[in-house]
Structure formats: structure tokens, C-alpha cells
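Asks: I would like to see how this sequence folds:
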Amino acid sequence: MSCNRLTLRGKLAVAFGSLVLLVLLVSGLAFQSISSTNDRFRAYVTGIAARAALAEQVRTAVDRRAIAEHELVLVTKPEDFEQEKAEVTQAHADVQTRLQQLKKQSVADTSEKSRALTAEIDRVEVQYGSVAEDIYSAAMEERHSAAIAIMNDEGRPLLAALIKATNAYHDYTEAQSQQLMRESAERYA
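Replies: Sure thing, here's the model as predicted:
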């Protein structure tokens, strides 16, 4: 049957059927695009963003621990001493917990750079954690001069290295985020 022999009703049915197929095709492509975008967003949130947040939490806990250790050595009131002692203990536990979480998530990361930066944070924290414990012990034994000497001679350089390592991780994740945003904009275009 040729197109010329189709009735008006038949021509309308063919045109409507073609439109339905076109709408289904466009809908399928849109769904595929949304699904792909959702997968990339989920990977970002559970990947780079999650690891960046953990690295920031490590850094915050490191800062809290350093401040509390400093205060522990300087306070003179027993109630202040107990408060700072509890803060040092909690901050140290937080550093260890968040760092373990970061290491666990970094194992799944396909980026060698991310794993290397995490390993550097861990390496410096192992060294600094030992010094932090020495400062804590000296403060607990009321050897304030010894605690201050440990802070100045050993603690400060390691704390600076730990801050540098966490900043390097932050810079890396920020660059990765920017790259993903550029790729997303290119895909959108």
C-alpha cells in the first residue's frame, strides 16, 4: 500500500505512531543522560568529596589536639587541667578514627596520588602521635619544662609537616573537584 493510497485516518495513525516513537527515543536518551549524571554525582559524593571531608576532619582533630596539649601544659587550675586532659584524649582518638576511615576509603580510590597523599598523612601522624603522647605524659607528670621542650623541639616541626600533608591532600581533592566540574560542563555542552 503506497502513501498515496492511505486514507487520512491511516496517514494520521502513521504520523502519530512516528511521534510516539520519537518521544520514546528522546525520553530514553534523556533518562540515560540523567542516569549517567546521577552516577557521576554519586561517585563524587561518596568518593572525592567524602575523602576530602575526612581529611578535613583529620586536620581539625590534629589542630584540636595540638591546642589542647598546649593548654594542658599551661593551665594551673585542676578543673582546667582535667578539661584539657579530656580534650587531648578525645582529639587524639578522633585523629586516629578519621585517619583510619580515610585510609580505608583511599584503598578504593583508583588514584595513586590520593593513596600516596593519604600514606604521607599517616606516616607523619605516626611520628607526631608518638611525640603528642610524650608531651601528654610529661604534662601528666607535671614536667612542664620537659613538655614545652618536646613541643618546641619535636612537636612543632612534625605538626607543621602534618599540616602540610593535610593541606596537600586538600589541594589535590580541590583540583580533582575542579576537573570533574570541567568535565561535567563539557558533557553538558
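
Asks: avg pLDDT for the helix or strand hosting Gln101?
Replies: Using DSSP states H and E, Gln101 sits within helix 78-108. Mean pLDDT, computed over helix 78-108, is 91.

Asks: tell me the angle the helix or strand following it makes with helix 78-108.
Replies: Going down the chain from helix 78-108, the next helix or strand is helix 112-140, by DSSP H and E. Interaxial angle of helix 112-140 relative to helix 78-108 (axes from the mean of the first three to the mean of the last three Cα atoms, to 10 degrees): 160 degrees.

Asks: Following helix 112-140 in sequence, what is the next regular element?
Replies: Per DSSP H and E, the first helix or strand lying C-terminal to helix 112-140 is helix 144-150.

Asks: In that next one, which of the residues would be classed as buried?
Replies: Neighbour counts over helix 144-150 (16 or more other Cβ atoms under 10 Å) mark 146-148, 150 as buried. Where you see a C-beta, it was placed from the backbone N, CA and C, and this is true even at glycine.

Asks: which among the residues you listed gets closest to Leu102?
Replies: Ile150 (26.6 Å; Cβ to Cβ).

Asks: Was I right to think the closest one contacts Ser137?
Replies: No: Ile150 is not in contact with Ser137 according to Cβ atoms under 8 Å; the separation is 9.2 Å.

Asks: thinking again about what came up before, of the buried residues of helix 144-150, closest to Ala165?
Replies: Once Cβ to Cβ is applied, the member of these that ends up nearest Ala165 is Ile150, at 20.5 Å.

Asks: from the chain's centre, how far out does the lengthiest helix in the chain sit?
Replies: For the chain, the longest helix by residue count, based on DSSP state H, is helix 8-46. Helix 8-46 has its C-alpha centroid displaced from the chain centroid by 36 Å (Cα atoms, centre = their mean, to the nearest Å).

Asks: Grab the nearest non-local neighbour of the residue sitting nearest the centre point of the chain.
Replies: Nearest to the geometric centre of the chain sits Ala52, at 1.9 Å (Cα atoms, centre = their mean). The spatially closest residue to Ala52, leaving aside those adjacent along the chain, is Thr173, at 3.8 Å (Cβ to Cβ, 6 or more residues apart in numbering).
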